[in-house]
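need coordinates for the following:
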Amino acid sequence: MAASHSDNCAPFLKALVDKTRWRIVRELLSSPLTVSELAERLKIPQYNTSKHIRILRESGIIETAKRGKNVECRVVPAFQSRISKNNKQLDLGCCVFRFGRNCC
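Next comes the predicted model:
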């Protein structure tokens, strides 16, 4: 039996249900950032930022790479392809979300 679209988007939905993780993805749409930069921009402790990044990485939304002492984060290209060219809308197949500055 083939998986439905909702089965394919379930990991994304579970990861993005949290407001902070939604904000992290929104920040990373512009360019890759380090964990420290994300923590500073979002005004949350680096420890909490790292926990959210782990969940986003496990769901296939972002990927990380060690760059010297820093860990750089970016949106996975396959996930990025689900986002409109103007970074305003995310289409998971089962549903569509908008990345507005006032949303989160």
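
residue nearest the centroid of this protein?
residue 25 (3.2 Å; C-alpha atoms, centre = their mean).

residue boundaries of the helices in the chain?
5-16, 19-28, 35-42, 46-58, 77-80 (DSSP state H).

lowest average pLDDT across these?
Sorting those by mean pLDDT places helix 5-16 lowest, at a mean of 76.

quick one, that helix and helix 46-58 angle?
170 degrees (axes from the mean of the first three to the mean of the last three C-alpha atoms, to 10 degrees).

picking up where we left off before, tell me the contacts of the residue nearest to the centre of the chain?
16, 56, 61, 62, 75, 99 (C-beta atoms under 8 Å, 6 or more residues apart in numbering). Every C-beta, even on glycine, is put in place using the N, C-alpha and C of the backbone.

ok, so of these, who is nearest residue 30?
Set against residue 30, the nearest of the contacts of residue 25 by C-beta to C-beta is residue 75 (9.8 Å).

in contact with the closest one, which residues are there?
25, 28, 29, 61, 62, 83.

quick one: which two of these are the most distant?
62 and 83 (12.5 Å).

between the two, which is the more surrounded one?
residue 62 (24 against 17; other C-beta atoms under 10 Å).
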